[in-house]
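Asks: below are the sequence and a predicted model; questions follow.
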There are 4 protein chains.
Amino acid sequence: MSELLGVAVLGAGHMGADHVRRLDRVVNGARVAAVADPDAERAKDAVGGIDGVAVHTDVEAALDAPGVEAVLIASPGEAHEETLLAAFARGLPVLCEKPMVPDSAGALRVVEAEARLGRRLAQVGFMRRYDAEYRRLKSLLDGGRLGRPLMLHCVHRNVSSPPHFTSAMLVTSSVSHEIDAARWLLGRELTAVTVLRPRPSAGAPDGLLDPQFVLFETEGGALVDVEIFVNCGFGYEVRCEAVCEAGSARIGDAHTMVVTAAGGAREEVAQDYLVRFADAYDREVQSWVDATRRGRVTGPGTWDGYAAAAVAEAGVRALETGARTPIALAPRPAPPDLS
Amino acid sequence: MSELLGVAVLGAGHMGADHVRRLDRVVNGARVAAVADPDAERAKDAVGGIDGVAVHTDVEAALDAPGVEAVLIASPGEAHEETLLAAFARGLPVLCEKPMVPDSAGALRVVEAEARLGRRLAQVGFMRRYDAEYRRLKSLLDGGRLGRPLMLHCVHRNVSSPPHFTSAMLVTSSVSHEIDAARWLLGRELTAVTVLRPRPSAGAPDGLLDPQFVLFETEGGALVDVEIFVNCGFGYEVRCEAVCEAGSARIGDAHTMVVTAAGGAREEVAQDYLVRFADAYDREVQSWVDATRRGRVTGPGTWDGYAAAAVAEAGVRALETGARTPIALAPRPAPPDLS
Amino acid sequence: MSELLGVAVLGAGHMGADHVRRLDRVVNGARVAAVADPDAERAKDAVGGIDGVAVHTDVEAALDAPGVEAVLIASPGEAHEETLLAAFARGLPVLCEKPMVPDSAGALRVVEAEARLGRRLAQVGFMRRYDAEYRRLKSLLDGGRLGRPLMLHCVHRNVSSPPHFTSAMLVTSSVSHEIDAARWLLGRELTAVTVLRPRPSAGAPDGLLDPQFVLFETEGGALVDVEIFVNCGFGYEVRCEAVCEAGSARIGDAHTMVVTAAGGAREEVAQDYLVRFADAYDREVQSWVDATRRGRVTGPGTWDGYAAAAVAEAGVRALETGARTPIALAPRPAPPDLS
Amino acid sequence: MSELLGVAVLGAGHMGADHVRRLDRVVNGARVAAVADPDAERAKDAVGGIDGVAVHTDVEAALDAPGVEAVLIASPGEAHEETLLAAFARGLPVLCEKPMVPDSAGALRVVEAEARLGRRLAQVGFMRRYDAEYRRLKSLLDGGRLGRPLMLHCVHRNVSSPPHFTSAMLVTSSVSHEIDAARWLLGRELTAVTVLRPRPSAGAPDGLLDPQFVLFETEGGALVDVEIFVNCGFGYEVRCEAVCEAGSARIGDAHTMVVTAAGGAREEVAQDYLVRFADAYDREVQSWVDATRRGRVTGPGTWDGYAAAAVAEAGVRALETGARTPIALAPRPAPPDLS
């Protein structure tokens, strides 16, 4: 393992630039081989002073650049389908940021394309699966000590939403994390969704339905409820309680330092997801690099990307109609080689 | 205030006997003047060795016994309407255990009877309003520092349910506490209810739909969700988180002693409501005695008893139909004298 | 038990007035029969509108007043010895606020006087023994599940000290609570004391050695350390961790409501001992009234009052000399009737 | 920064092998260039399948091996002085596991040797300075918001001690972490030490004085107390509370997941330091690699290694004599270039 894995990073926005830094300075065993962005200046900025990294404005050119052995896709979601297919065509392992493909039809095409290859090439960037707390919860549930999970109570709060965030994006962009986490924790597909809309907070931009309360039903009759509140004003909070037949387990209240000063004992609350999930991103990319260097693909795959898109689409319909909305997934292709 | 208030306790079951003990040995300013129960032996047992307490099998005789100045009703709910009306007829102040009257039609008759008196006589036994944690939460919400409440997330778990507990009783007997607490905390009536039914826990008796997940909508567009799980097996837990426009407040995770021993740091979880709410019962009865001795009636009233009954009835329909069920309250009579 | 115990309250300062209110309005089974204070106006204020309470400026007159069956001493510590002896002479049961007698020689005379009576009459006001958290800790230690206690780590912090508080009073007035709590929790006498003096806090009045760090050794070789910091500025905190051979148990971090708002998750910290120990005072007096009405004396006795005085005296010498100071207790008289 | 830093790892025991793995598979920007151990088989085992790593039984040969640009010393403490001087002679940057040199005279020779070089070459492995909780506490104290620190209360507990662990090693091996942490957090040297010896726990091996309670005084009058208990039986706990003039801050009670099951709400307690401080070791080595590649030396230096040795020696005398023991440090050489 003395060779460093050469990675092409596609997309040099906030997330892409962060991944360039991560591959160059944090992760073991990889190097940035190429960076592509339609905006060449932005790509150059992301590269910074790293030696020997080619900058491209064209995705295909970056994929074909010398030394490129794997691809990290951090471009906008609309470009993902085409890019994934281009990587598949070249047999390149891929780590693709979420959403894998924003619409379920396109996502399904990616699933089918990979199925035709007969082996896994893609990992989807659901980084919560790499968070230490979520992993502990998953491990506890899989161990069976608490019996079968009956309900998941989830809370997902952001200080404020970015401009142009729409009511539908609370489901498609924010709750998509809980959609994947619930599927993964429970090992079950989601079968129906209902979205309740309390009166919006005075702190939400005009017209934004924020907060929302989203209810999922699952195969086997478990229930998942999610409070999504993206303009809560006070912190970034992600909590999850799994209520099981023989006990309950909660994550998301972790604290480190308790400061007692005038008026109270206080624990800090993270203000954004980059603080809360910094380690999860590092572990996700490290895990992907380690597996790729061993010729394997692990982690969430294209089916997970498709299922998240299909559930989110049903969620948007549920938001619009106010009605309980069944979720119908396409038949799942025979899974590719489980490397 | 050197005279002790003479109280007739009606009903000498578990709760009635506990109130006899409380009035005799815990509460300041009252004495047990009479105890009535159809089962004279049970009444005698409840009285124990207290001097000068008459035992009756007839309610009216107990109400008319010498020294009776106030009434505490702890008989089965079916008997409450008649007893309340008998107390009203005598102008006796009453503390009536919940449910005030099990059916909303009967409850409304009690409201109307009191309204005709032109003054309050009855307090209903919603003891959570006297719990220190709930009071702190209420005070915080009323203070306005966190802005308008948008959602209440409630959890209500019992180790196990008594024999003959039915699926409907999860709503009418257990969630009735959250119904009153939500109305009181939010200062709003509930307008609709939906009951979701996850697959029952293996720990629940055959045929019992346990747990359930109950959703209430309120005037003004807040949302209240309640996990009710009466055979959770591990403890008695009552939690409530109020999510507001500028912050969130949680009660129900109180702990006192942390014991670190092999394997973990552990906080005790109460095993039943008599432990969790022991102080609340004491404060409730003390507060009623104190007010009564000053000629006043405070605390939850007959309208609160009626509203709880009406909401619970709608909840049972929602459980049976699986559908969102609107809640229609009768017009509220002009409130009696607000003593 | 329908008769109310008639209590003479001696001393109508802050604490005495609070006990008058408690006996009149909180505690079950007692009534205020007399109040004495050298300042008649203050005594009258403490009585307020309670019917039939005689006001005295002379202690002996109050003890001899009609209806007085028991005595609660809340006068300044210097007056306690004489008052206790006067109560003993009349065979009256006593609850005496701490310090029982400020100097150990006087305290010992009280012990011996009670021993000569051949039965217990006095309970000393170490109210922490009635605090729910301390009782839970005591019960855990006595149960033996954690093995033998090796160390107690104690923290005792006040927002600020009253005027005229001296460096010695950190030991004699504040740490005296930990002295009794340690003796009670461990069931052992203290055998030596060392007082360390960090550089005083800028928040302490000029010349006051605050904080101090007090170390006690006990029979059987356990160690007790106490941080006493009476001008900490931020809250009233009383914590105790018992480190045992098979585990550790901590009290004093109890919380009820957690409020998450801008910047952090916050639990309230009590600002004074009347909030933190309000229930303990109520339980202490109720427990004394209940026992007295049954003709018994329970709770901490005169030997505990003497031991606290002797340890505190050694602590003051340790503070002054900087040296480890052995604690020598007088031989303990045969205990009076253990009622 | 595309070149990987070639590191010679000296010592292939438990810690050395862990550092080989860390450099090869976790840390970014470094590679293992050579491994040395007197036991060639052990060295080979540590290298495992890593390509191109030379194995040596001779330290000097390893330092002179091709590609070696820096040294990580994980051999037994007795060998450190000679190895450090050999690395200094070659101008090689060093990360040296604690203790830098076990005796203060030898440690001082290392300080002086580095001082003669005129620039820093060595970092000492006090990994707590890289722990997220400690860094947060340090940052809070340095920020000044809580005022001057007055006391540190420290707890350091291990499940059990290794064979042959002596009473003196509780101070020299275990408390040495608190010695460095206290110096670093307070920015002050320690000036005296007292060791108290409670009766040993039944869980400690015969003859081992465990637990101990160690008191340090510092320049400027702060106080540091440390409970060291290396056979506590129940977990690995490291806690630190800084009591300051305007507030208190605690670390070491961090939790992630709360599991509520029969009988209680439980948080896991780490069972050993490799779990508790896994991230700290990773960050320490990453930080050293990053600085070294930039031609700099940061982190704790030889003076810190010397001071820890000198304080520990005084601590052992204090343990043996039972007396307060002053700590005298040699004059500090002018610090080398502060790169």
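Replies: In hand now; what should we look at? Here the structure is a predicted model, which means the values were calculated and not measured.

Asks: quick check: which element contains A:A249?
Replies: strand A:247-251 (DSSP states H and E).

Asks: next secondary structure element downstream of that strand?
Replies: strand A:258-261.

Asks: what does the stretch 151-300 of chain A put close to chain D?
Replies: A:246-251, A:253-262, A:279, A:286, A:290 (Cβ under 8 Å from any Cβ of the partner chain). Where C-beta positions appear, they are placed from N, C-alpha and C, glycine not excepted.

Asks: pull out the buried members of the residues you listed.
Replies: Buried members of these, scored by 16 or more other Cβ atoms under 10 Å in any protein chain shown, are A:246-251, A:253-261, A:286, A:290.

Asks: and these near chain B, which?
Replies: Near chain B, by the rule Cβ under 8 Å from any Cβ, you find A:246-248 out of those.

Asks: pLDDT added to those, as a markdown table?
Replies: Formatted as a markdown table, these follow (pLDDT from 0 to 100):
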| residue | pLDDT |
| --- | --- |
| A:A246 | 94 |
| A:G247 | 94 |
| A:S248 | 94 |
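
Asks: mind checking how far stretch A:30-50 is from the chain centre?
Replies: Centroid separation for stretch A:30-50 versus its chain: 23 Å, with Cα atoms, centre = their mean, to the nearest Å.

Asks: show me the shaky parts of chain A.
Replies: Chain A contains residues with pLDDT under 70 at A:1-2, A:256, A:263, A:335-339.

Asks: centre-most residue in it?
Replies: With distances taken as Cα atoms, centre = their mean, A:F126 lies nearest the centre of chain A, 2.8 Å away.

Asks: give me the spatial nearest neighbour of A:A192, chain neighbours excluded.
Replies: Once flanking residues are discounted, A:A192 sits nearest to A:E217: 4.3 Å by Cβ to Cβ, 6 or more residues apart in numbering or on different chains.

Asks: element containing the one you found?
Replies: Going by DSSP H and E, A:E217 is in strand A:212-218.

Asks: just checking: what are the partner strands of that strand?
Replies: Taking DSSP bridges as the criterion, strand A:212-218 forms sheet pairs with strand A:190-196 (antiparallel), strand A:223-229 (antiparallel).

Asks: mean neighbour count added to those strands, as JSON lines?
Replies: Output for the strands paired with strand A:212-218, formatted as JSON lines (neighbours: other Cβ atoms under 10 Å in any protein chain shown):
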{"stretch": "strand A:190-196", "mean neighbour count": "22"}
{"stretch": "strand A:223-229", "mean neighbour count": "26"}
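
Asks: columns distance to A:I327 on top of those strands, output as TSV?
Replies: Converted to TSV, these look like this (distance: least, Cβ to Cβ, whole Å):
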stretch	distance to A:I327
strand A:190-196	6
strand A:223-229	12
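
Asks: of all those, which one is nearest D:A122?
Replies: Nearest of the strands paired with strand A:212-218 to D:A122, taken as Cβ to Cβ: strand A:223-229 at 51.0 Å.

Asks: alpha carbons of that closest one, in PDB - could you do that?
Replies: This file holds the C-alpha atoms of strand A:223-229, laid out as PDB (Å, rounded to 0.1, in the frame of the first residue of the first chain):
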ATOM      1  CA  LEU A 223     -42.800   4.000  12.400                       C
ATOM      2  CA  VAL A 224     -40.300   6.800  11.800                       C
ATOM      3  CA  ASP A 225     -41.100  10.400  12.700                       C
ATOM      4  CA  VAL A 226     -38.800  13.300  11.800                       C
ATOM      5  CA  GLU A 227     -39.000  16.900  13.000                       C
ATOM      6  CA  ILE A 228     -37.300  19.000  10.400                       C
ATOM      7  CA  PHE A 229     -36.800  22.600  11.400                       C
END
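
Asks: tell me what angle that strand forms with strand B:247-251.
Replies: For strand A:223-229 against strand B:247-251, the angle by axes from the mean of the first three to the mean of the last three Cα atoms, to 10 degrees is 140 degrees.

Asks: contacts for strand A:223-229?
Replies: Here strand A:223-229 makes contact (Cβ atoms under 8 Å, 6 or more residues apart in numbering or on different chains) with A:150-158, A:170-171, A:174-175, A:178, A:182, A:186, A:190, A:201, A:210-218, B:150-151, B:153, B:196, B:198, B:213, B:225, B:243.
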